[in-house]
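[1] build me a model:
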Amino acid sequence: MSKLNIIEAMKMPIGTEFTVVNSKNDINVSKVILDIDYDNKFLRWGSGEKLLMISDNIFATFTPIQQPVSFMEDVINSDKECKVIHKLLDTCFFEDFNTFDSLISELSNAFNSRDLRQIIKEGQWYLEESEELDNERLSQQH
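    Numbers count the residues shown, from 1 in each chain. Presented below is the predicted three-dimensional model:
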C-alpha cells in the first residue's frame, strides 16, 4: 500500500481506513477513517473524534488499511496474487502474497481436506494491492 499525504488521503473513497504516522514518526495505534458530513469530507479517529488540523496531522503520512475480500467473488476471479489469514495457519509461512495456484497447492500439501475447506470458508482473503492500482484510485476520485 502506498503512503499518502493528507490531501491524497482525502481523495480516497468514503470509509477508507488509514494508519497514521505523524511528522515525528510516531505511529498512532488508532485508525483514522475518511467520512462525510453533508458535502464535506473529513478524517475522524476510530473513536469518532474529528482529526484536528495541527501540524503533526497535516504533515503526517496516511497508509490505507487493506480490507479482506470475498474468496468466491474476488479471489477466484482475479489474476492478482493473494494471501489468507486463518487461525490454523502459521503466519510466518503464509504471510506473503502468492499466486492463487501456488497458495492452494501449498495449503493442500500442509492441511487435510477438512482443514483446507475451513481455511477457504473462514479465512480472511486479501488481494495484493499495487502502487499502480492506488494511483488509479486516486485519479478516479478527481
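[2] could you measure from Glu17 over to Gln67?
    To Gln67, Glu17 is 8 Å away according to C-beta to C-beta, to the nearest Å. All C-beta atoms are positioned from the backbone trio N, CA, C, and that covers glycine.
[3] how about the secondary structure of the residue nearest the centre of the chain?
    Per C-alpha atoms, centre = their mean, the C-alpha nearest to the average position across the chain is that of Gln66, at 0.4 Å. In terms of secondary structure, Gln66 is coil; the call rests on DSSP: H, G, I helix; E, B strand; the rest coil.
[4] gap between it and Glu8?
    In terms of C-beta to C-beta, Gln66 sits 17 Å off from Glu8.
[5] now do Leu127
    Leu127 sits 21 Å away from Glu8, going by C-beta to C-beta.
[6] show me which residues of stretch 9-20 are buried.
    Residues of stretch 9-20 classed as buried by neighbour count (16 or more other C-beta atoms under 10 Å): Ala9, Lys11, Met12, Thr16, Glu17, Phe18, Thr19, Val20.
[7] just the CA trace of it, in PDB.
    Backbone C-alpha positions of stretch 9-20 (Å, rounded to 0.1, in the frame of the first residue of the first chain) are rendered in PDB as follows:
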ATOM      1  CA  ALA A   9      -6.000  10.600   1.700                       C
ATOM      2  CA  MET A  10      -8.900  13.000   1.300                       C
ATOM      3  CA  LYS A  11      -9.300  11.900  -2.300                       C
ATOM      4  CA  MET A  12      -9.800   8.200  -1.300                       C
ATOM      5  CA  PRO A  13     -13.300   6.700  -1.200                       C
ATOM      6  CA  ILE A  14     -15.500   7.400   1.800                       C
ATOM      7  CA  GLY A  15     -15.000   4.700   4.500                       C
ATOM      8  CA  THR A  16     -11.300   4.200   3.700                       C
ATOM      9  CA  GLU A  17      -9.400   3.400   6.900                       C
ATOM     10  CA  PHE A  18      -5.800   4.600   7.500                       C
ATOM     11  CA  THR A  19      -2.900   4.100   9.900                       C
ATOM     12  CA  VAL A  20      -1.200   7.400  10.600                       C
END
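[8] what mean pLDDT does that stretch have?
    Along stretch 9-20, the predicted confidence averages to a pLDDT of 90.
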